[in-house]
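Participant: Model the structure of this input:
(one chain, ligands or ions: 1)
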Amino acid sequence: MTPLLFQPLTLRGLQTRNRVVISPMCQYSAHEGHLDDWHLVNLGRFATGGAGIVFTEATAVQKSGRITHGCPGLWADSQIPGHARVAGFVLQHGAIPAIQLGHAGAKSGMQRPWFGNGPLDEHDIARGDMPWTQVSPSGLPVADGWPVPEALTLDDIKVLVGDFASAAKRALAAGYKIVEVHGAHGYLLHSFLSPLTNKREDAYGGDRAGRMRLALEITAAVREVWPDDFPVFFRTSAVDGSPDGWLLEDTVVLARALKDLGVDVMDCSSSGIAGSATAGKGQKRQPGFQVPYAETVRQEAKMATMAVGLITHPQQAEEILAQGRADLIAIGREALANPNWVLQAAQMLGLDAPFSVLPTQSDWWLEGRQRTSDFYDPDALEAVQS
Ligand SMILES: Cc1cc2nc3c(=O)[nH]c(=O)nc-3n(C[C@H](O)[C@H](O)[C@H](O)COP(=O)(O)O)c2cc1C
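Facilitator: This is a model prediction of the structure:
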């Protein structure tokens, strides 16, 4: 039987070639929000490496919604061609091009990780990375020493919802087939969801329904401009990692509401509401540590989920699918180490003709080498080495 990891998944009018997704990963290397050759090569290698879906990193719907000066955007038409180049290449090599749209809220305008991962300081300013004013639900800073953001007004919220829809239209024009709304990691939408950061007393705060309102309005606006044939994903921080914060039961309620709006996949991450980490305080990062969230949402909201977080071994990924805990497996850092992870999985899980997951330019030679030599015969290797 074909390993589950290599069985296609139908999502509306699309079919993935396998269940491996390259998780969105910021590169902090865009110029005024424009992608360049780096993004093409970086994401291109994952498509030629055989992934089923390749995500372009968190892309800002407003200029001030970038995490760093190096984050890409789709707030202007001039940014479409750079994305179109990436999406076109990814599609040409058999993967589905996907994009994550977001707004970084109180965590916008920070340092690129390698310059400190904190608020911009005089060294960044000397490099030309000038600070800007952040926005958030209630004007609370991320932590002590971080800039104090402005609370969004109701008019700002209207503009924001429209800007998400406009960015989605541009993403579509660029050739992406999947759009994901970024509702995780302490960025703007997550900070509206969490009672730790949303202290508003208007319709966008208060009880869970109020705190969910912005995420739902934005997702509805994105769904409206995204074709019926193409899926919408939502990335959630399934828990804040604090008993006073956003809980898994809240995520299940959110997932049901998103499903009703036409969201196809819940992408289950966690944490990030305080500081820049994506793991909650005291939360051990063990292999598959976020899989239970994907499993619970899948069972209780009865919708497709994507598991992510320290999934590195093909057998581990296969088991997650076999146990019905998720429908898609997202790989992040392991893909940075091994962009051909899908080939490794094909070999380890015993897929027929494993090299066929690579483009013909590689497959033809690798299959031939295997057929015509004892390359994989350990005895033969030992004989050569002795
Ligand atoms: C360099 C880097 C950049 C990331 N950028 C994003 C991002 O743009 N959006 C997002 O939702 N998560 C982002 N993440 C989180 C990953 O998508 C993923 O959830 C996380 O790395 C856990 O998966 P892993 O253990 O397979 O790396 C990033 C992670 C890394 C390592």
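Participant: Buried ones in the lengthiest helix in the chain, by neighbour count?
Facilitator: Under DSSP state H, the helix in the chain containing the largest number of residues is helix 154-174. By 16 or more other CB atoms under 10 Å, the buried positions in helix 154-174 come out as 157, 160-161, 163-172, 174. Glycine gets a C-beta too; all of them are placed from N, C-alpha and C.
Participant: Is it possible to get CSV of the residues you listed that adds pLDDT?
Facilitator: Supplementary listing: the buried residues of helix 154-174 in CSV, determined by pLDDT from 0 to 100:
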residue, pLDDT
157, 98
160, 98
161, 98
163, 98
164, 99
165, 99
166, 99
167, 99
168, 99
169, 99
170, 99
171, 99
172, 99
174, 99
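Participant: mind giving me TSV with the residues you listed and columns for distance to residue 362?
Facilitator: Below are the buried residues of helix 154-174 laid out as TSV (distance: CB to CB, whole Å):
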residue	distance to residue 362
157	49
160	44
161	45
163	41
164	39
165	40
166	39
167	35
168	35
169	36
170	33
171	30
172	31
174	27
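Participant: Stretch 99-111 vs the ligand: in contact?
Facilitator: Yes. Contact between stretch 99-111 and the ligand is present through residue 100 (criterion: CB under 6 Å from any ligand atom).
Participant: What distance do you get for the residue in the chain that the ligand sits nearest to to residue 360?
Facilitator: When distances are taken as CB to the nearest ligand atom, the chain approaches the ligand most closely through residue 332, which lies 2.6 Å from it. Counting by CB to CB, to the nearest Å, the gap between residue 332 and residue 360 amounts to 28 Å.
Participant: Let me know the average pLDDT across the helix or strand that comes right after the longest helix of the chain.
Facilitator: Read in the C-terminal direction, the helix or strand following helix 154-174 is strand 178-183, with elements assigned using DSSP states H and E. Taken as a whole, strand 178-183 has an average pLDDT of 99.
Participant: what about the stretch 251-386 of the chain, any weak spots by pLDDT?
Facilitator: Within the stretch 251-386 of the chain, the stretches with pLDDT under 70 are 275-284, 375-378, 380-381, 384-386.
Participant: now the helices for it?
Facilitator: Ranges of helices in the stretch 251-386 of the chain, per DSSP state H, counting those that start in this stretch, are 291-301, 314-322, 333-337, 341-348, 360-372, 378-385.
Participant: would you list the ones you listed in TSV and tack on mean neighbour count?
Facilitator: Below are these laid out as TSV (neighbours: other CB atoms under 10 Å):
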stretch	mean neighbour count
helix 291-301	21
helix 314-322	18
helix 333-337	15
helix 341-348	21
helix 360-372	12
helix 378-385	9
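Participant: now the ones you listed in a markdown table, with distance to residue 102?
Facilitator: A markdown table is the format used below for the helices of the stretch 251-386 of the chain (distance: least, CB to CB, whole Å):
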| stretch | distance to residue 102 |
| --- | --- |
| helix 291-301 | 19 |
| helix 314-322 | 26 |
| helix 333-337 | 20 |
| helix 341-348 | 25 |
| helix 360-372 | 34 |
| helix 378-385 | 48 |
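Participant: wait, which of those is closest to residue 108?
Facilitator: For residue 108, the closest of the helices of the stretch 251-386 of the chain is helix 333-337, at 23.4 Å, according to CB to CB.
Participant: Enumerate the residues of the stretch 251-386 of the chain near the ligand.
Facilitator: Within the stretch 251-386 of the chain, the positions adjacent to the ligand are 269, 278, 308-311, 331-334 by CB under 6 Å from any ligand atom.
Participant: Please repeat the previous calculation with a cut-off of 8 Å.
Facilitator: Residues of the stretch 251-386 of the chain found near the ligand (CB under 8 Å from any ligand atom) are 267, 269, 278, 285, 290, 308-312, 330-336.
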